[in-house]
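# What follows is a predicted structure for the sequence shown.
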Amino acid sequence: MHPALTWSLVSLAVAAFFAAWWVEGRPDGHRLASWRRFTLVVQAAAVAMTLLVLRPGHGTHDSPAAFAAAIGNGTPALIDVYGNWCGPCLLARPSVDALERATRGRMAVVRVDIEAPAARLVVSRYGLRATPTYVLVDGQGTEVWRQVGGSPDRAAIEQGLAAMGSRR
């Protein structure tokens, strides 16, 4: 079953349980005070929202075939390995978006969710150990530069791209 579908079903089940408890009372017939019912509904909503926010994301190249096609095709690429549950990954997302816009046409940005099927390929090929990790590869897929944690260093990436351009 797809992970997003699993999270959605769990969220719905939790919300349905607490909604039924609110309306019908507990199984032993005791009804909760209105403030406790409200508290339970708020907690159920918080759990559902947490599951919705932390569910596995969708990178641009989450399938192994899409990742393999994007790397080593003659175009340099920045591989962004992230997790939706990872705070630093979420904080770095706007920087990666800005970098993608600034380098459009010169470099591809390949985003892979660490929980996606392509992550196994990325981890084994480049030996990743943490998220976020940024790996700059040349057109043949050879690693040129790597950064673990934080937002990607734009100056280092530009230097790497310039060095690749001078090798051609």
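Arrived safely, thanks for sending.
# which strands and helices sit next to the helix or strand harbouring Val81?
Taking DSSP states H and E as the criterion, Val81 maps to strand 77-82. Strand 77-82 makes packing contacts with helix 87-102, strand 108-113, helix 118-126, strand 133-137 when contacts are defined by 3 or more CB pairs under 8 Å, 6 or more residues apart in numbering; DSSP states H and E. For every residue, glycine as well, the C-beta is placed using N, CA and C.
# can we see that at 7 Å?
On a contact count with 3 or more CB pairs under 7 Å, 6 or more residues apart in numbering; DSSP states H and E, strand 77-82 meets strand 108-113, helix 118-126, strand 133-137.
# Average pLDDT for it, rounded please.
Mean pLDDT, strand 77-82: 93.
# what lines up beside it in the sheet?
Taking DSSP bridges as the criterion, strand 77-82 forms sheet pairs with strand 108-113 (parallel), strand 133-137 (antiparallel).
# Report the distance from that strand to the chain centre.
How far strand 77-82 lies from its chain's middle: 11 Å, per CA atoms, centre = their mean, to the nearest Å.
# before we move on, back to that, what's the most buried one of the helices and strands packed on strand 77-82?
Highest mean neighbour count among the helices and strands packed on strand 77-82 (mean count of other CB atoms under 10 Å): strand 133-137, with a mean of 24.
# what angle sits between that strand and helix 118-126?
60 degrees (axes from the mean of the first three to the mean of the last three CA atoms, to 10 degrees).
# Mind checking what helix or strand follows strand 133-137 in sequence?
strand 143-148.
# give me the low-pLDDT residue ranges for the chain?
1-9, 16, 18-37, 50-61, 166-168 (pLDDT under 70).
# And it, what are its domain boundaries?
3-54, 64-167 (automatic domain parsing).
# circling back to that earlier point, let's have the strands paired with strand 77-82 in CSV, adding distance to Arg101.
Shown next, in CSV, are these (distance: least, CB to CB, whole Å):
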stretch, distance to Arg101
strand 108-113, 9
strand 133-137, 16
